[in-house]
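Engineer: Next one to model:
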Amino acid sequence: MPVILPVKGISPVFGNNCYIAPNATIVGEVVMGNDCSVWFNAVIRGDVNNIIMGNRVNVQDGAVIHCTYQKNNTIIGNNVSIGHNAIVHGCVIADDVLIGMGSIVMDRVQVGSHSIIAAGAVVLEGTIVESGTIYAGIPAKKVKDISPELISGEINRIAENYVMYSGWFK
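Structural biologist: Residues are numbered from 1 along each chain as shown. This next block holds a predicted model:
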């Protein structure tokens with residue numbers, strides 16, 4: 001059974017058709033949209049501030065979503081994939097974004113729509129990731145504009161696949 005706990009009397013709220021893996025942890029003020037999935041060993045901690053997730057968000061194995069006490073909450077738009085072992089902390093992620101495996105997105109970062117944060121990237125505090133770009137490296141910098149093919153071929157494909165994968169476990 002997943003660990004789903006209230007913090008200070010506030011419990012997570014889930015939309016329709018969500019999948020939560022048996023060893024995922026979701027605590028506190030977390031609001032999740034429809035068709036979301038939270039995979040094995042992922043942790044979503046809304047204990048020190050709130051976390052708001054749109055529809056069709058997948059939080060892959062080992063990823064951590066957290067925020068900063070009394071400062072920065074975490075807001076995640078629709079159709080967002082958060083890759084294996086990524087850390088998303090106190091930031092805003094717009095719609096149609098891919099956060100790559102093992103990447104770190106720090107406090108006060110704003111990730112624009114139709115963007116990719118490459119695997120292993122470290123997006124430093126306060127960075128503004130322009131819509132339609134790919135950021136990579138340590139620290140992460142813009143490496144190129146994203147093509148329409150990458151939007152449909154990667155961002156949308158991965159989000160759609162995770163809705164499908166979650167159906168295998170229901």
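Engineer: Confirm that Gly153 sits in a strand.
Structural biologist: No - applying DSSP: H, G, I helix; E, B strand; the rest coil, one finds Gly153 to be helix, outside a strand.
Engineer: and Ser103, what does it touch?
Structural biologist: The contact partners of Ser103, taken as Cβ atoms under 8 Å, 6 or more residues apart in numbering, are 83, 86-87, 117-123, 140. Where C-beta positions appear, they are placed from N, C-alpha and C, glycine not excepted.
Engineer: Dump those residues into a markdown table; add distance to Asn17, neighbour count and pLDDT as well.
Structural biologist: Output for these, formatted as a markdown table (distance: Cβ to Cβ, whole Å; neighbours: other Cβ atoms under 10 Å; pLDDT from 0 to 100):
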| residue | distance to Asn17 | neighbour count | pLDDT |
| --- | --- | --- | --- |
| Gly83 | 22 | 22 | 98 |
| Ala86 | 23 | 25 | 98 |
| Ile87 | 26 | 18 | 98 |
| Ile117 | 26 | 28 | 98 |
| Ala118 | 30 | 19 | 98 |
| Ala119 | 28 | 16 | 98 |
| Gly120 | 31 | 17 | 98 |
| Ala121 | 31 | 24 | 98 |
| Val122 | 33 | 18 | 98 |
| Val123 | 30 | 27 | 98 |
| Ala140 | 33 | 23 | 98 |
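Engineer: Quick check: which helices or strands does the longest helix along the chain pack against?
Structural biologist: Longest helix in the chain by number of residues, with DSSP state H as the criterion: helix 157-168. If you count contacts as 3 or more Cβ pairs under 8 Å, 6 or more residues apart in numbering; DSSP states H and E, helix 157-168 packs onto strand 37-38, strand 58-59, strand 80-82.
Engineer: CA-only coordinates of it, as CSV, when you get a sec.
Structural biologist: Extracted C-alpha coordinates of helix 157-168, given in CSV (Å, rounded to 0.1, in the frame of the first residue of the first chain):
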residue,chain,number,x,y,z
ARG,A,157,4.5,10.6,-26.4
ILE,A,158,5.9,10.0,-22.9
ALA,A,159,2.9,11.6,-21.1
GLU,A,160,0.6,9.4,-23.2
ASN,A,161,2.6,6.3,-22.6
TYR,A,162,2.5,6.8,-18.8
VAL,A,163,-1.3,7.0,-18.9
MET,A,164,-1.2,3.7,-20.8
TYR,A,165,1.3,2.1,-18.4
SER,A,166,-0.7,3.0,-15.4
GLY,A,167,-3.7,1.2,-16.8
TRP,A,168,-1.6,-2.0,-16.7
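Engineer: May I see the buried residues of that helix?
Structural biologist: 158-160, 162-163, 166 (16 or more other Cβ atoms under 10 Å).
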